[in-house]
Structure formats: structure tokens, C-alpha cells
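In: sequence first, then the predicted structure, then my questions.
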Amino acid sequence: MKLLGTMRIEEDTLYIGGVSTKELAKEYSTPLYVIDEQHVRNVCREYLRNFKVKENGNRVTYAGKAFLPLEMCKIINEEGLCLDVVSGGELYTAYKSGFPMEKVLFHGNNKTIEEIKMGISLGVGRFVADNFYELNTINEFAKKENKVVNVYIRITPGIEAHTHDYIKTGQIDSKFGFTLINDGVVNAVKEILKLENIKLMGLHAHIGSQIFDVDPFVDEVEVMFNIMNDVRSKLGIELPELDLGGGFGIYYTKEDKPKNPKVFCDAILNKAEEMSKKLEYPMPKLIIEPGRSIIGNAGTTLYTVGSIKEIPEVRKYISVDGGMTDNIRPSLYRADYECAIANKMNCKEEELVTVAGKCCESGDILISDAKLPKVESGDILAVATTGAYGYSMSSNYNKIPRPAVVMVKDGNSRVVCKRQSYEDLLASEII
Ligand code: LLP
């Protein structure tokens, strides 16, 4: 397992944030999400520096869907990032954490009327409007509150990227955003200009997630500038902001060759500069929305190994006390992870095992073919890079309580989300 962030090995044990994972498992029990706070803060700073936030007024907006406890909102705010939320629940979390509402961007392809009202009355900084229905609803409620709401419109730019490959198409099939076909964007802008309680601040696009190449982002910048230019030439308005979404890829296993934030930021900023000059378009403020790349590598899940089943000449299963309820990604996307025995970090990796979860479901396999030292019941298994879309996509399937989340930093640990109790599981049930 590759050591990430502040991970270190002392004697035989994995340490994160200066804290022994053996001690963490003992103190807080397992399964346990461990978040390397310093690593989160370092990545935030790397993005802010490289995206020229201070110099150019650009913004780095953390995509909260990756991981959004109250404490994460606090850290993101302390580091000076903005926040992207996609639901009333995420917005409420941000609000309760004291996050400045003017730094919140409200996404979603089908915000409910309740969510729109909530966003307007709390005063979120920008709505990303996805369709006409939403624009009209925002306008209607903004009018009732006597407000003018800042809006981006989401565009499907005809670039779709997944990890290593991407496609550029004229044809666009997506549930998100306004289409480029038949002058769709220009017509949308034309309509928005009639809405008195909406101020159009810019365009938004998001081309995918876990992308390793810079080329799709560079193409995205080009496409979006060309659209802004088209809008200018047909309607005579220049847009002051351009949001390019998130999607920067990170390391999960040796197959992944991620680039650091500087490479993506430089490529985007350089292309924007080039397009701005070429089209003589005033440089808009640029926004990116990284989620996974801020929190992914900072998270490690600790499990305790329970039963071990060896089927001679076939496979050896080691089962842990969590699984698809705390990390759905292997079952849902066949996502790969690296792992280690946290209390045997210096032992030779000598056996190939399959790490199974505890759910009543044969697909509940966390890692197939993990190379580990000789595993025994009671060992602590650490699975790395579970920070993004782990806790946020967790469930109570099989009525398994959600694990606690602990932040570690400088040798100290603190719980930021309590482990659910059986009582918590029944809290919303009526008999
Ligand atoms: N902005 C928008 C509009 C998005 O839709 C997303 C992710 C992001 C930003 C952040 O993308 P990131 O930097 O985290 O790649 N559940 C999946 C990932 C879904 C991503 C959805 N949108 C997974 O576990 O891989």
C-alpha cells in the first residue's frame, strides 16, 4: 500500500497524522473512517496557490458531495475555499456549520421548490441553473423575496471524460444542463435576460470524474470560451465568470497515474489566457470544483478482520466488520483500492486474499486479490483513499450502523461524526 499524506510506519504499525492506527482502532472501535486533516489542508492550499485565487480572483469550490460533515465545512472555510452543494441537506449542513452563504454554489438538475426557496432565503452566492423550469422557479421566488439572485447556467459542452479516455461529440446525451444543439445556450441566455430577478453571472460545465489527462479540460476551456463568444456576438453581453467543474483524478492503485493540481491548474489557466487573447474576450473569473482530489487520499478506513475462509486451490476470503455499507464503490463501480495490515506493516506480503464485507450479499467484496502478510483474525485492515464518496455514499443496509469519522493531526485525534447506535437506526421509525 502506498503511503499517502502524513502516513508513516513506526515499528510495525501504520501511523496517520502522528497517531497509531492500532490505538485508533482500540479507542474508537472499527470500522472507522480516519481523516488526515493536515493532508486535506495541504491539498486545499495547493489548489488555491496554483489556481491563482489571490492574484486573479479565481475561486476553488470544494464539491461537498465527496464528503461533507460539519467539520469538513469548517476546514474548507478556514482554508478559504468556496463550497458546492447539491441538495437541501448539504446546504443545511453548510449553513449549520456557519459557512458563509455567499460562498456557496447550489447545484443539481432537479432542485425542488423547497430547496430553491431555502437557497434564496439563506442567500447562497450562486445558483447553477440546469433548465428553464428551474430558472423560472428561481425568478419567481426571488421576486417574492425582493432579491436578485446570481446564476450560472449549466451547459453540456459535448466533452465527456472518464479516467483515461474521453469523447468529443456534437451530439449530447445528458440529464444535466442546457444543450448546445439548435442554439440552445444562446436561446437560454435570451430568456434569462427577460427575468428581472436573475442576474446571469456565467456559464458552468462539468465533464466527468477521476480524469487523469489535462486535454479534456483544455478542450473544455476552448469550447466554453467559444460559447461565451457566441453569446456575445449574438446578444451583445460579456459574462464575468466561468465555472469548469471538477473531476481531477487521484491515486487509488498502481494503475493510476495522477497529476498534481498544479498541472491541471496551469493547463486551464494557460488555455483561458490564450482564448481570452484570441477572442479579445475580457478574462472571466475562473472557478473549479474539485471534490475527490481534496478529500480522497486523506481518508483511510480501518476494519477488524473476523472470519477467514480458505477454499483450497480457489481463494482465501478474509472478512471485515464493514463493507459495502461504508464503501459502496467496489460493488457499484468495481473500484479498486489498496490495503495493508495496519499492525503488520513491516511483514512480508506473502498471501493473496479477497477482502469481503459483512453484508448478506455475495457482491459485498471490498478488494479482490489483495497481497498481504499472513492475515489473522483480530488484525486491523487499513484501506487507503476512502475519503471521497465513502462516508457520503454510505448506507444502513442490513441495518448496519454507520462508522464514526475521526480526524487526526499532529498526534491528536477527535471524533467529528459519532458512530451510529442501534437507537439512531430506529430514530425515525414509528410503531
Ligand atoms: N462538480 C460537479 C458539477 C459534479 O457533478 C462533481 C461530481 C464534481 C464537481 C466533483 O467531481 P470530483 O472532483 O469529485 O471528481 N460517486 C462517484 C463520483 C460522482 C461524481 C459526481 N459529480 C464516485 O464515487 O466515483
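Out: Okay, I see it.
In: from the ligand, how far off is residue 239?
Out: Residue 239 is 18 Å from the ligand, where distance means C-beta to the nearest ligand atom, to the nearest Å. In this view, the C-beta of every residue, glycine as well, is placed from N, C-alpha and C.
In: which parts of the stretch 301-431 of the chain sit against the ligand?
Out: Residues of the stretch 301-431 of the chain lying near the ligand by C-beta under 6 Å from any ligand atom: 329, 333, 388, 389.
In: wait, the third one sits on residue 68?
Out: No - counting by C-beta atoms under 8 Å, residue 388 stays clear of residue 68, with 10.8 Å between them.
In: that older thread, now the two most distant members of the residues of the stretch 301-431 of the chain next to the ligand.
Out: 333 and 388 (12.3 Å; C-beta to C-beta).
In: can you tell me the SS state at the residue nearest to residue 395 when sequence neighbours are not counted?
Out: Leaving out its chain neighbours, the residue that sits closest to residue 395 by C-beta to C-beta, 6 or more residues apart in numbering is residue 325, at 5.3 Å. With DSSP: H, G, I helix; E, B strand; the rest coil as the basis, residue 325 sits in coil.
In: before we move on, what about residue 308?
Out: Classified using three-state DSSP, residue 308 is strand.
In: low-confidence ranges in the stretch 151-300 of the chain?
Out: Judged by pLDDT under 70, the stretch 151-300 of the chain has its weakly predicted residues at 163-171.
In: hang on, the earlier thing: just the buried residues of the residues of the stretch 301-431 of the chain next to the ligand.
Out: Buried by 16 or more other C-beta atoms under 10 Å: 329, 388, 389, out of these.
In: and which of those is nearest the ligand?
Out: Using C-beta to the nearest ligand atom, the shortest approach to the ligand within these belongs to residue 389, at 3.2 Å.
In: next, count neighbours for residue 113.
Out: Number of residues near residue 113 (other C-beta atoms under 10 Å) recorded here: 11.
In: now swap in residue 50 and tell me
Out: Neighbours of residue 50 using other C-beta under 10 Å come to 18.
In: residues contacting the nearest residue to residue 230 once chain neighbours are set aside?
Out: In space, and not counting its chain neighbours, residue 230 is closest to residue 186: 6.3 Å by C-beta to C-beta, 6+ apart. Shown in contact with residue 186 (C-beta atoms under 8 Å, 6 or more residues apart in numbering): 230, 231, 234, 235.
In: so which of those residues are also by the ligand?
Out: Of the contacts of residue 186, not one also sits near the ligand (C-beta under 6 Å from any ligand atom).
In: got a markdown table for those, with secondary structure and neighbour count too?
Out: A markdown table is the format used below for the contacts of residue 186 (DSSP: H, G, I helix; E, B strand; the rest coil; neighbours: other C-beta atoms under 10 Å):
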| residue | secondary structure | neighbour count |
| --- | --- | --- |
| 230 | helix | 15 |
| 231 | helix | 20 |
| 234 | helix | 14 |
| 235 | helix | 14 |
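In: and the residues you listed, which is closest to residue 267?
Out: Using C-beta to C-beta, those come closest to residue 267 at residue 230, 23.2 Å.
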